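> model the following, please.
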Amino acid sequence: MSIETADMDVERAGLRSLADGGIVAQLRLDHPDLVLRPTLERVPDVTVQPEYWTTIDTDRTLLFLTAYGSSFGAFETALETDSTVRDPVLVDRYPDRHVYRVTLADGTRTVIARTAEVGGRVLELSSTRDGWLVQLRFPTRDALVRFNEFCRAHGISVTVDHLRRSDDDNEGVVALTDKQEKLLTVAHEEGYFEVPRGISQDELADRLGVSKSAISQRLRRAIGELCDASLSSPP
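Residues are numbered from 1 along each chain as shown. Just a heads-up that it's a prediction; the model follows:
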């Protein structure tokens, strides 16, 4: 091994990593002062996808965004009166989409900076008829909780579409323990939730090697955790 290769290995060994594990959360966010919220409410048939933010002159944050749809005239009129942005500019035009640049107004609320502060990363971001749909990756459950606490403290509504582990080979739901996930997987694969059932609770208990008296309680608890993760805000 050369000295150069050895030095590179040492550098790699010292690199802090957040790549293993993690949580992917798909969330719906809403607040009257979230960026472009007034425009999204006035022109719901236009879909907006932010491209990138950049800060210039230390106090000006520019947002480049792409708007998809056909009501571009109404969209541009809404932009001009939107209290969350100023100085809207059309920078490019295509048959099915327009690209705009806006300057964020004072008091406008965003979640991009807070996502980065807790170690998260934005995977997807697009508008909906009632706010923003975001997909974020957090390195730990604690980072997700801290992000949620920030949103609550600033009055931002958070609705969870789904949570999952970010491992490429594991799409399991975060709220479930390994035993709960295995129980629901076997129950689903063997037809427990079908009509008529393909397997009984007693047979599930035998299959998983647990007592027959515990299987009903475990099923209820696992299904409850799954519903909490899919339908409720993070704790």
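> the chain: helices as residue ranges?
3-13, 37-42, 72-81, 112-117, 141-153, 178-189, 201-208, 212-231 (DSSP state H).
> check contacts around the residue nearest to residue 126 when sequence neighbours are not counted.
Excluding the flanking residues, the one nearest residue 126 by CB to CB, 6 or more residues apart in numbering is residue 49, at 4.9 Å. Placement of C-beta: from N, CA and C, glycine included. Contact analysis of residue 49 by CB atoms under 8 Å, 6 or more residues apart in numbering lists 65, 66, 68, 125, 126, 127.
> return the members of the residues you listed classed as buried.
65, 66, 68, 125, 127 (16 or more other CB atoms under 10 Å).
> so how far is residue 72 from residue 86?
19 Å (CB to CB, to the nearest Å).
> apart from its neighbours in sequence, what residue is nearest residue 93?
residue 99 is the one closest to residue 93 (CB to CB, 6+ apart), at 7.6 Å.
> may I have the beta-bridge partners of the one you found?
Counting by DSSP bridges, residue 99 is bridged to residue 66, residue 92.
> residues contacting it?
Applying CB under 8 Å, 6+ apart, the residues contacting residue 99 are 51, 64, 65, 66, 67, 90, 91, 92, 93.
> give me the buried subset of these.
Going by neighbour count (16+ other CB under 10 Å), the contacts of residue 99 have 64, 65, 66, 67 buried.
> what's the closest of those residues to residue 77?
Distance to residue 77, by CB to CB, is smallest for residue 67 among the buried ones among the contacts of residue 99, at 12.6 Å.
> quick one on the thing from earlier: and the residue nearest to residue 93, how far from residue 125?
Going from residue 99 to residue 125 by CB to CB gives 16 Å.
> contacting residues for residue 140?
Here residue 140 is in contact with 21, 22, 23, 119 (CB under 8 Å, 6+ apart).
> in strands, which of these fall?
Among these, the residues falling in strands (DSSP state E) are residue 23.
> check pLDDT for the contacts of residue 140 and point me to the minimum.
Within the set of the contacts of residue 140, pLDDT is lowest for residue 21 (75).
> for burial, what's the neighbour tally of it?
13 (other CB atoms under 10 Å).
> ok, it touching residue 143?
No. If you go by CB atoms under 8 Å, residue 21 and residue 143 don't touch, sitting 11.2 Å apart.
> quick one, what contacts residue 112?
Taking CB under 8 Å, 6+ apart, one finds 53, 122 in contact with residue 112.
> tell me who's in contact with residue 47.
67, 68, 69, 126, 127.
> and which of the residues you listed is nearest residue 206?
Taking CB to CB as the measure, residue 206 sits nearest to residue 126 out of the contacts of residue 47, at 47.2 Å.
> report the beta-bridge partner residues of the closest one.
According to DSSP bridges, beta-bridge pairing links residue 126 with residue 133.
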